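Sequence and computational prediction follow.
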Amino acid sequence: MTTTIDAVRRAVAGRPLLVTSVTTPRANELHCRVSPPNVKDVGDLACRVLGADLILMAADDRRRESGAFFVHYLFAHRADNWFLHASTRLEASAPELPSLARYHFPASRFEREIRDLLGIIVTDHPDPRPLVKHAFWPDQYYPLRKNVRPPEFADDGRPFPFTAVGGEGVYEIPVGRVMGETIIDMKSRLYFTHKGTEKLFERRDPVDGVDLAERVSGDTSVGHALAYCQAVEAAANVELPPRAGDLRVILLELERLYNHVADVGAIANDTGFAVAHAHCSRIREQLLRLNKALTESRLLRGVLCPGGLVRDLPVPVDLQARVEAAVADFDEVVEICLTNTLVLDRLEGTGVLKSELAKDHGVLGYVARASGLDIDVRRDHPFASYQHLKFSVPVFTAGDVKDRMNVRVEEVHESAALIQQACRRLSPGRTRASLGPIAPFAPAFGLVEGWRGRIVHWVMTSEDGRLHRVKIVDPSFFNWPALSQALVGNIVPDFPLCNKSFNQSYSGNDL
Amino acid sequence: MSRYIALFVQPLLALALAPALVGFIRWLKARLQSRRGAPVWQPYSEIRKLFGKEAVVSHTASWLFRATPFVVFGTGVIVASLAPIVIVPAGPLVVGDVFAAVYLLLLGTFFLALAGLDTGSPFGGMGASREMTVVALTEPTVALSIVALALNAGSTNFSQIVSRTLAEPSAALGPGHLLAFAALFIVTLAETGRLPVDNPSTHLELTMIHEAMILEYSGPYLALIEWAAALKLLVFLALAANLFMPWGIALSLSPVAVTVGVVSLVSKLGVLAVAIAVLETRVAKLRLFRVPELLSASFVLALLAVMSTFLVR
């Protein structure tokens, strides 16, 4: 059964006491305000009644303008193209937020992040541990509040304790706990590379945020830049020129291509099958050179901007031929890998992430599609010119390393086909539309299916038209905790293989 | 007199050749993967570089940690002097015994495992535990394949085995001989940390066996261990070659015989190195718990070798 934005509107209208100031700033978005005590009920309505998922939570400090903090929830349906955006106001004097953690696992991590970075108290949260903050962070230092100066950081000598596990034959490796050769628990403690990326966006002109977005995660330059541009375009109500949409498809798929090819090689390398890695590295290099021929940047940087593209791209005449050649070459390497029984034995049944767990963690991208979750932003919430293109979303069900590799292999073919289609669609025309005015404190967002999965950028400007708050959700934020689950019961020497098959971004997570 | 000269010349020659053997396998693997690869003499530069560096030793390490590289290197050199690598001194030499050689090498492995545990680093302990598992599984095979050879020759002395095979070439193609060779070749891969048991070129600590044990070593200590590991590979390959195909080995110290011995050694090592490089390109690393299956297969081969020796007789 599909739900539409009208059904959402009716459902919300049926609960007049729950939400206020309902608006529809864009065709498939419903924005509303909710009072803090009703947050749980809104979550219930969105997730249980309407079948949506929480895909983003962001908080912003508006104490100077409105004397309050605001927390925003963005719900999206897994298959139907509508969004529900709810904002709640927390008084600056006592910023307390009711927790959704008991209903929704990703919410618990968003809430811990908000607690650490803005000092908002999350009441009845089941997990009191900090997420982003490390032991060295001074107390009462909340970097995403306005007008904060970074204090001195000093090693206070406190150790970083792990949960102790006892018993014979149990030993701890700095990445987790192990019994014999079997992993009994793995906790990834991330955020050691926290860089304050979101803070760096603040006070920038929206047009100047692209170079920063391109550097959120080095291998996802197009994915993040595109999500950022789409968020700004949504805020400024820009109609994207068709040529820009097609070129964006080409850029995004080229990024997917070179990363998937490299990943397949890296997975093979971790089984000790170095020959596949050598050849995948060679094919990746060819694709990077193609990127350079197209955009003058091997990582496809410096061409996207809000409104379209910085400049029109002269698509090389041999682009399709070169992509085809690379894919044919790649297919041969994959065949060599997948007909080698020793390689197959390492891949099959390793690092299984069950569909149920994948759903609970809200995992994204190839990790989700290898565990039977049929999700893809390109199809479910189309952007650029994907609504005009034909492609299929490969879904596998075993959830092991092999299926995560299979999804990538299939997606390489789909990407190549998408590039061909987009090239055929290309017609001369403008590649950049001018931005309209952006309303202050009106949230807007952009979704992109990057090569790792769904990327969300959420932007809000202040009265002077500069960025007030940018929230970025890389798929790694959702996928990292699932890796711990997939590892339990595997043997230690298979850890690197499982990890490589997930290949999540540290930088994209540790914003 | 000649046997004493052999005692000194042979290990020096083996030490000089060992890094090239490792370098050759690496280069060939690179070529097979369509990479350019480092030159064959790269391991010499690496060893020289390591000797020029400072050794960093953990505060928690005991004398054992410092002594181990010398034990490993020393036992390797002694074995290189005993084993039939280039020269087989005529006449019985009491210490030139197969069991002595194998267990001297094992002594080095034992010390490496202790040193891996010594620093208290989790990777060292993990490597030591894995290495001991592998060694415990390879030892019966080594012993049995030696017994298969010894039964033919009526002695476990190297020169006896070699001269017996030389005198009776048909035995070298007998089933017992070939089965024992196959068993020993598999064991050689396991003992010297090659694929599919261990991956000598991995950077992933969690998958390592040999490399995990020596992860804490640096500078000259590491140079000694790396050199000894290369030597061990050379000795194992030379044993596999010369015990089963001894033709060309020098039986006297005459310049001609020694030259022929060196040339035949280099060509035999070349053939085995190509076999290893091709194998390592074709296979992936086994899942750790599949390693015992491979090693028990090699044990069965060795057992069959012994049985066929009795049957053929």
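Good, I have the coordinates.

Need the nearest residue in space to the residue in chain A positioned nearest to chain B, chain neighbours excluded.
In chain A, no residue comes nearer to chain B than A:G272, which is 3.2 Å away by Cβ to the nearest Cβ. In this view, the C-beta of every residue, glycine as well, is placed from N, C-alpha and C. Excluding the flanking residues, the one nearest A:G272 by Cβ to Cβ, 6 or more residues apart in numbering or on different chains is B:K285, at 3.2 Å.

A:T193 now?
A:D510 (4.3 Å).

Surely that neighbour touches A:L190?
Yes. In this structure, A:D510 is within contact of A:L190 by Cβ atoms under 8 Å, at 5.7 Å.

Figure out how far stretch A:399-414 is from the centre of its chain.
18 Å (Cα atoms, centre = their mean, to the nearest Å).

Tell me the buried residues in it?
A:399-412, A:414 (16 or more other Cβ atoms under 10 Å in any protein chain shown).

Tell me the span between the first and last residue of stretch B:245-258.
End-to-end distance of stretch B:245-258 (Cα to Cα, to the nearest Å): 17 Å.

Which positions in that stretch come out as buried?
B:245-246, B:248-251, B:253, B:257-258.

again with stretch A:26-43
Buried residues in stretch A:26-43, counted by 16+ other Cβ under 10 Å: A:29-32, A:34, A:36, A:38-39, A:42-43.

Likewise for stretch A:253-260?
Neighbour-count burial for stretch A:253-260 flags A:253-260 (criterion: 16+ other Cβ under 10 Å).

Now tabulate these in JSON lines and tack on distance to chain B, secondary structure and pLDDT.
Formatted as JSON lines, the buried residues of stretch A:253-260 follow (distance: Cβ to the nearest Cβ, whole Å; DSSP: H, G, I helix; E, B strand; the rest coil; pLDDT from 0 to 100):
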{"residue": "A:E253", "distance to chain B": "27", "secondary structure": "helix", "pLDDT": "95"}
{"residue": "A:L254", "distance to chain B": "24", "secondary structure": "helix", "pLDDT": "95"}
{"residue": "A:E255", "distance to chain B": "25", "secondary structure": "helix", "pLDDT": "95"}
{"residue": "A:R256", "distance to chain B": "25", "secondary structure": "helix", "pLDDT": "96"}
{"residue": "A:L257", "distance to chain B": "21", "secondary structure": "helix", "pLDDT": "95"}
{"residue": "A:Y258", "distance to chain B": "19", "secondary structure": "helix", "pLDDT": "96"}
{"residue": "A:N259", "distance to chain B": "20", "secondary structure": "helix", "pLDDT": "96"}
{"residue": "A:H260", "distance to chain B": "20", "secondary structure": "helix", "pLDDT": "95"}
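
rewinding a little: confirm that the residue nearest to A:G272 sits in a helix.
No. Using DSSP: H, G, I helix; E, B strand; the rest coil, the assignment for B:K285 is coil, not a helix.

That one is in contact with B:S201, isn't it?
No. Using Cβ under 8 Å, B:K285 is not in contact with B:S201; the gap is 10.7 Å.

Tell me which of these two has more neighbours.
A direct count of neighbours by other Cβ atoms under 10 Å in any protein chain shown for B:K285 and B:S201 places B:K285 higher, at 24 against 13.

For chain A, what is the nearest residue in chain B?
B:K285 (3.2 Å).

show me the contacts for that residue.
A:271-272, A:342, A:346, B:195-199, B:207 (Cβ atoms under 8 Å, 6 or more residues apart in numbering or on different chains).

Return the members of those classed as buried.
A:271-272, A:342, A:346, B:195-199, B:207.

Just the closest of the residues you listed to B:V306, please.
Nearest to B:V306 among the buried ones among the contacts of B:K285, counting by Cβ to Cβ, is B:V197 at 23.3 Å.

mind checking the SS state of the closest one?
Applying three-state DSSP: B:V197 is coil.

and the gap between the nearest residue to it once chain neighbours are set aside and A:V492?
Spatial nearest neighbour of B:V197, chain neighbours left out: B:A190 (4.5 Å); criterion: Cβ to Cβ, 6+ apart. Look at B:A190 and A:V492: by Cβ to Cβ, to the nearest Å, they are 19 Å apart.

and if you look at A:F136?
Note on A:F136: its distance to A:V492, by Cβ to Cβ, is 29 Å.

out of the two, which sits in the more crowded spot?
The neighbour comparison of A:F136 against A:V492 (other Cβ under 10 Å) goes to A:V492, with 22 against 11.

how close does that one sit to A:E181?
Taking Cβ to Cβ, one finds A:V492 at 5 Å from A:E181.

Determine the residues that are contacts of both of these two.
Common neighbours of A:V492 and A:E181 (Cβ under 8 Å, 6+ apart) are B:L288.

Let me see the ranges of the strands in the stretch 251-400 of chain A.
Counting by DSSP state E, counting those that start in this stretch, the stretch 251-400 of chain A has these strands, from start to end: A:304-305, A:308-309.

What strands line up against the first one, and which way round?
Strand A:304-305 has the following sheet partners, assigned by DSSP bridges: strand A:308-309 (antiparallel).

what residue ranges in the chain score low on pLDDT?
This is for chain A. Low-confidence segments of chain A, defined by pLDDT under 70: A:1-2, A:156-180.

Correction: the question concerned chain B.
Residues of chain B that meet the cut-off, pLDDT under 70, sit at B:1-3, B:89-95, B:313.

Buried residues, stretch B:70-87. List them.
B:71-87.

again, but for stretch A:116-126
A:116-120, A:122, A:125.

Just the residues contacting that stretch, thanks.
A:59, A:61, A:69, A:71, A:90, A:94-99, A:101-102, A:108, A:111-112, A:114-115, A:130-133, A:140, A:142-145.
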